[in-house]
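J.: can't give you the sequence, but here's the structure:
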Ligand SMILES: CC(C)(COP(=O)(O)OP(=O)(O)OC[C@H]1O[C@@H](n2cnc3c(N)ncnc32)[C@H](O)[C@@H]1OP(=O)(O)O)[C@@H](O)C(=O)NCCC(=O)NCCS
């Protein structure tokens, strides 16, 4: 893939971090798109030139696109729209992340600075392995998963589609985390987590509001 111009859908704070990682990884320039366009005209250092329809139309001229939206469901939904339209999707790895040659990463996935992904980890499409997070050997992440900054997955953990592991959380080895799960900031997960639940604390328990 020619690393000339990368289209980022989602002009957010997370989008800035993705832009930084992409530029560090060798992309020459990035351009933002956001559904809040034309009200939203820039993401501080970068212009916002259109919305999802404009990315699909491809008028702005780019070599590949990536959805830079933090919300897991929305990120996955937008990525599916781009895939259905045949848009070429990038995978971005910050040069100061450490990714095993025996790990696999899906399309539309981004790995931030300081992250570590160990051997035989399988990371799905549209995932975020955020700043300083670790995903140890043999972990499996389905599509749309977000491992927040400083979160640690021990070996052999499985995370279901569009689940979000909060900042600084830790997950014991071999644990199954379902789909659509929210693991709260700083939680310590020592037991399987059912689809759709939110858990917090140490040891992590259901978050009852
Ligand atoms: C778990 C979480 C989703 C709950 O959000 P919420 O339902 O809006 O929770 P609230 O802020 O209303 O707090 C409700 C109660 O839960 C407690 N609580 C909230 N988050 C908690 C956490 N991570 N661990 C322990 N307790 C927590 C609050 O102290 C509060 O307790 P109280 O009722 O006794 O005062 C959220 O706090 C969280 O941890 N999000 C992850 C954020 C993150 O990782 N961001 C990374 C961005 S890259």
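T.: Yep, that arrived. On a predicted model such as this, the values are computed, not experimentally measured, just so you know.

J.: interface residues of the chain facing the ligand?
T.: When proximity is defined by C-beta under 6 Å from any ligand atom, the chain lies next to the ligand at 130, 148-149, 166-167, 182, 184-186, 198, 200-201, 207, 209. Glycine gets a C-beta too; all of them are placed from N, C-alpha and C.

J.: of the residues you listed, buried ones?
T.: 130, 148-149, 166-167, 182, 184, 186, 198, 200 (16 or more other C-beta atoms under 10 Å).

J.: in CSV: those, plus secondary structure and pLDDT.
T.: Below are those laid out as CSV (DSSP: H, G, I helix; E, B strand; the rest coil; pLDDT from 0 to 100):
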residue, secondary structure, pLDDT
130, coil, 99
148, coil, 99
149, coil, 98
166, coil, 98
167, coil, 99
182, strand, 98
184, coil, 98
186, coil, 98
198, strand, 98
200, strand, 98
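
J.: which one of those residues is nearest to residue 97?
T.: Relative to residue 97, the closest of those is residue 130; by C-beta to C-beta it sits at 10.2 Å.

J.: OK, contacts around that closest one?
T.: Shown in contact with residue 130 (C-beta atoms under 8 Å, 6 or more residues apart in numbering): 17, 112, 115, 146-149, 151.

J.: in helices, which of those fall?
T.: residue 17 (DSSP state H).

J.: which two in the contacts of residue 130 are spaced the farthest apart?
T.: 17 and 151 (15.3 Å).

J.: who has more neighbours, those two?
T.: Taking other C-beta atoms under 10 Å, residue 17 and residue 151 do not tie; residue 151 has more neighbours (26 against 20).

J.: list the residues that contact that one.
T.: Contacts of residue 151 by C-beta under 8 Å, 6+ apart are 130, 133-134, 165-171, 183.

J.: can you check residue 4 too?
T.: 27-29, 62-63.
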